[in-house]
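**Q** Give the three-dimensional model of this entry:
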Amino acid sequence: MINHISVGVQNPENVAKVLAEIWNGYAYPFPPSPGGFIVFADDGRGTAVEFTPINIELIPGEGFPPEENFGIETPTGEFEATFQYSETSPRYVSTHLALNSPLGEEEIKRIARREGWRALTCNRAGGMFQLVEVWVENRFMIEVFTPEMTARYVEIATPQTWADFLQLPFTPHATKPANNLNLIG
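**A** So this is what the prediction gives:
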């Protein structure tokens, strides 16, 4: 399962509120990133998306905490990643996000269009599955699945189907993951 992702946008508060609407979730400020907001899917699995200002970078910390007697009480703040301002910001990014929505196709597109964002229904992989492509602030892509689209995606998004698509041999692992793992947030 992917628990959360962090994405830089021009207006984190607005984008968070719009995603909360598409997702039937909740948007709140995200204090670790100045000006950031977080959206919770409220799906019982902790699924969330953090939106930071586009000119904020996540920078790794330096050094390591002592390993001897390391536990939950060991302070690690001075070694952790931090959000820092940057002078530059990209126009487009290769990072994108696919998520499920309880809303229908037209409702998703209506919300995107209200914001002035590009939105269209797409037939991926030659019609193997569909999704609604939403271009947040017309620079960052979110692939949104309606309940019907989600069912089809889950059906075909398997290692076996991908190997078949690429015309490669598929050799299953000797052990399978537990049936209760949900890899789609």
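**Q** so where's the chain uncertain?
**A** Under the criterion pLDDT under 70, the flagged ranges of the chain are 1, 174-185.
**Q** What residue spans form the domains of it?
**A** The record's domain split for the chain, according to automatic domain parsing, is 1-67+74-89, 94-174.
**Q** which residues are in contact with the host helix or strand of residue 122?
**A** For residue 122, the element it lies in under DSSP states H and E is strand 119-124. By CB atoms under 8 Å, 6 or more residues apart in numbering, the surrounding residues in contact with strand 119-124 are 105, 108-109, 112-113, 129-135, 143. All C-beta atoms are positioned from the backbone trio N, CA, C, and that covers glycine.
**Q** relative to strand 119-124, how tilted is the lengthiest strand in the chain?
**A** Of all segments of type strand in the chain, defined using DSSP state E, the longest is strand 129-136. Relative orientation of strand 129-136 and strand 119-124, computed by axes from the mean of the first three to the mean of the last three CA atoms, to 10 degrees: 140 degrees.
**Q** helices or strands up against the following helix or strand past strand 129-136?
**A** For strand 129-136, the following helix or strand on the C-terminal side (DSSP H and E) is strand 140-145. Helices and strands touching strand 140-145, by 3 or more CB pairs under 8 Å, 6 or more residues apart in numbering; DSSP states H and E, are strand 97-100, strand 129-136.
**Q** what packs against the first one?
**A** On a contact count with 3+ CB pairs under 8 Å, 6+ apart, strand 97-100 meets strand 140-145, helix 147-156.
**Q** For this protein, which segments count as strands?
**A** For the chain, the strands defined by DSSP E cover 4-9, 26-30, 36-40, 48-53, 56-59, 82-85, 97-100, 119-124, 129-136, 140-145.
**Q** Ok, which of these comes nearest residue 65?
**A** strand 82-85 (15.4 Å; CB to CB).
**Q** For residue 49, which residues are in contact?
**A** Counted by CB under 8 Å, 6+ apart, residue 49 has contacts 4, 5, 6, 7, 16, 19, 38, 39, 97, 99.
**Q** and if you look at residue 28?
**A** 16, 37, 38, 40.
**Q** Compute the distance between it and residue 147, please.
**A** 26 Å (CB to CB, to the nearest Å).
**Q** can you check residue 110 too?
**A** From residue 110 to residue 147 the distance is 17 Å (CB to CB).
**Q** For residue 62, which non-adjacent residue is closest in space?
**A** With sequence-adjacent residues excluded and distances taken as CB to CB, 6 or more residues apart in numbering, residue 62 is closest to residue 79, at 7.1 Å.
**Q** isn't that neighbour right next to residue 60, touching?
**A** No. Taking contacts as CB atoms under 8 Å, residue 79 lies outside contact range of residue 60: 9.2 Å.
**Q** Around residue 105, count how many other residues there are.
**A** Counted by other CB atoms under 10 Å, the residues lying close to residue 105 total 18.
**Q** Buried ones among the contacts of strand 119-124?
**A** 105, 108, 109, 112, 129, 130, 131, 132, 133, 134, 135, 143 (16 or more other CB atoms under 10 Å).
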